[in-house]
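> Got a sequence here, can you build the structure:
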Amino acid sequence: MAEQATYLFSTRTSKALAEKIAAHYGQELGKINFQEFSDGEFEPVLDQTVRGGRVFLIGSTFPPADNLMELLLMIDAAKRASAKNITVVIPYYGLARQDRKDKPRAPIGAKLVANLLTAAGATRIMTMDLHADQIQGFFEIPVDHLYASTIFVPYIQSLGLDNLTIASPDMGGAKRAKNYASHLGAEVVIAYKERKRANVVDDMFLIGDVKDRNVILIDDMIDTAGTLCKASDILIKNGAKSVRAIATHGVLSGKAYDNIQNSSMVEVIVTDSIPVQAEKSPKIKVLSCAPLFAEVMKSVHTYQSISSKFII
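Numbers count the residues shown, from 1 in each chain. Presented below is the predicted three-dimensional model:
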């Protein structure tokens, strides 16, 4: 029996990452023709046959919404072209912060996106560091939820820091910080924040001792960097020797680059799940998630276990 053919395609804004994934996978990206209309409408057309094959569609769904729409249209195109398996690789799953109804008459955006992906024809989802693990339960198809800790833990170890402490910038990230600390043999502290509206922290308090310690803040994403910068200031004020921040997704909106550059943090490390303009601040370091995704994609295609790719 002949091996099932594989095809890799990318959305336009995730092409740089997709090309790295394809290089590690050992296969070139498939060609897509985009027809664009004067009103902004676009139509992606797969420029090769995918009949009976396994299609990997790579695209992060960060704003604008066109990125999500482009991915949905590509899924539909693959389905209508008779692809047997359609694995949607979403390094950054947009709208993941809307994972629950936390106020009256609010939508659950993460669930809506799950419905849209499934309705479009996805047969499998592959993503990394969801804002909340339970988003996996929004799907009725398999979800491979990868953790960037497989990338970050070796990097932290390479720094050779003594008196290492792992910090969470909020209560919600306490479990993530504890897991990192257990792998690194480090202590844990938590910055408790009070927030009355999105992207604005009203007050913050430190739980734990950081005097003369090298602290690494751990989070799933950095948006405006306001929370991390405030947490860093509090850690330094309480005697921390140095502060670094690690976050999987560098959303970096608003004044994020300026906030990071002017902060008390020594370094901010993110992955390339979202395109990052690292040249805007020498404090920003980008580690690629391409090898991780390529390896897991190979394992999925050959029906091999991917449990070795999970540190946390």
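> What strands flank the helix or strand of the chain with the lowest mean pLDDT, and is each parallel or antiparallel?
Of all helical and strand segments in the chain, the minimum by mean pLDDT, DSSP states H and E falls on strand 203-207, at a mean of 80. Partner strands and pairing direction for strand 203-207 (DSSP bridges) are strand 187-194 (antiparallel).
> Pull out the buried positions in the helix or strand hosting residue 116.
Using DSSP states H and E, residue 116 maps to helix 109-120. By neighbour count on 16 or more other CB atoms under 10 Å, the buried set for helix 109-120 is 110-111, 113-114, 116-118, 120. Glycine gets a C-beta too; all of them are placed from N, C-alpha and C.
> May I see those organised as CSV, with pLDDT added?
Below are the buried residues of helix 109-120 laid out as CSV (pLDDT from 0 to 100):
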residue, pLDDT
110, 97
111, 98
113, 98
114, 98
116, 98
117, 98
118, 98
120, 98
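> Which member of these is positioned nearest residue 270?
residue 110 (21.0 Å; CB to CB).
> quick one: contacts for the closest one?
Counting by CB atoms under 8 Å, 6 or more residues apart in numbering, residue 110 touches 93, 95-99, 131-132, 135, 138.
> Report the separation between it and residue 212.
41 Å (CB to CB, to the nearest Å).
> re the thing from before, the helix or strand that comes right after the least confident helix or strand of the chain pairs with which strands?
Next helix or strand after strand 203-207 toward the C-terminus (DSSP H and E): strand 214-222. Applying DSSP bridges, strand 214-222 is found paired with strand 164-168 (parallel), strand 242-250 (parallel).
> Mind checking the ones you listed for the one nearest to residue 11?
Minimum separation from residue 11 across the strands paired with strand 214-222 (CB to CB) falls at strand 242-250, 16.1 Å.
> thinking again about what came up before, only alpha carbons, please: show the helix holding residue 116 as CSV.
In CSV, the C-alpha atoms belonging to helix 109-120 read as follows (Å, rounded to 0.1, in the frame of the first residue of the first chain):
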residue,chain,number,x,y,z
GLY,A,109,-15.2,33.5,21.0
ALA,A,110,-12.9,30.5,21.5
LYS,A,111,-15.8,28.1,21.1
LEU,A,112,-17.1,30.0,18.1
VAL,A,113,-13.7,29.6,16.4
ALA,A,114,-13.7,25.9,17.2
ASN,A,115,-17.1,25.5,15.6
LEU,A,116,-16.0,27.4,12.5
LEU,A,117,-12.9,25.3,12.0
THR,A,118,-14.8,22.1,12.4
ALA,A,119,-17.6,23.2,10.1
ALA,A,120,-15.1,24.3,7.4
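> what's the spacing between it and its chain's center?
Helix 109-120 has its C-alpha centroid displaced from the chain centroid by 18 Å (CA atoms, centre = their mean, to the nearest Å).
> State the mean pLDDT of the helix or strand just after that helix.
Once helix 109-120 ends, the next helix or strand along the chain (criterion: DSSP H and E) is strand 124-128. Strand 124-128 shows a mean pLDDT of 97.
> in strand 124-128, what's buried?
Along strand 124-128, these residues count as buried under the neighbour rule (16+ other CB under 10 Å): 124-128.
> can you check stretch 144-162 too?
144, 146-153, 156, 161.
> picking that back up, strand 124-128 and the helix holding residue 116, what's the angle between them?
Put simply, helix 109-120 runs at 150 degrees to strand 124-128, going by axes from the mean of the first three to the mean of the last three CA atoms, to 10 degrees.
> Contacts only, for the residue nearest to residue 144 when sequence neighbours are not counted.
Among residues not flanking residue 144 along the chain, residue 126 sits closest, at 4.4 Å (CB to CB, 6 or more residues apart in numbering). For residue 126, the contact set (CB under 8 Å, 6+ apart) comprises 87-90, 143-144, 146, 293, 296-297, 300.
> now the residues you listed as JSON lines including pLDDT and secondary structure?
As requested, the contacts of residue 126 are exported to JSON lines (pLDDT from 0 to 100; DSSP: H, G, I helix; E, B strand; the rest coil):
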{"residue": "87", "pLDDT": "98", "secondary structure": "strand"}
{"residue": "88", "pLDDT": "98", "secondary structure": "strand"}
{"residue": "89", "pLDDT": "98", "secondary structure": "strand"}
{"residue": "90", "pLDDT": "98", "secondary structure": "strand"}
{"residue": "143", "pLDDT": "97", "secondary structure": "strand"}
{"residue": "144", "pLDDT": "96", "secondary structure": "strand"}
{"residue": "146", "pLDDT": "95", "secondary structure": "strand"}
{"residue": "293", "pLDDT": "98", "secondary structure": "helix"}
{"residue": "296", "pLDDT": "97", "secondary structure": "helix"}
{"residue": "297", "pLDDT": "97", "secondary structure": "helix"}
{"residue": "300", "pLDDT": "95", "secondary structure": "helix"}
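> Brilliant, that's me finished.
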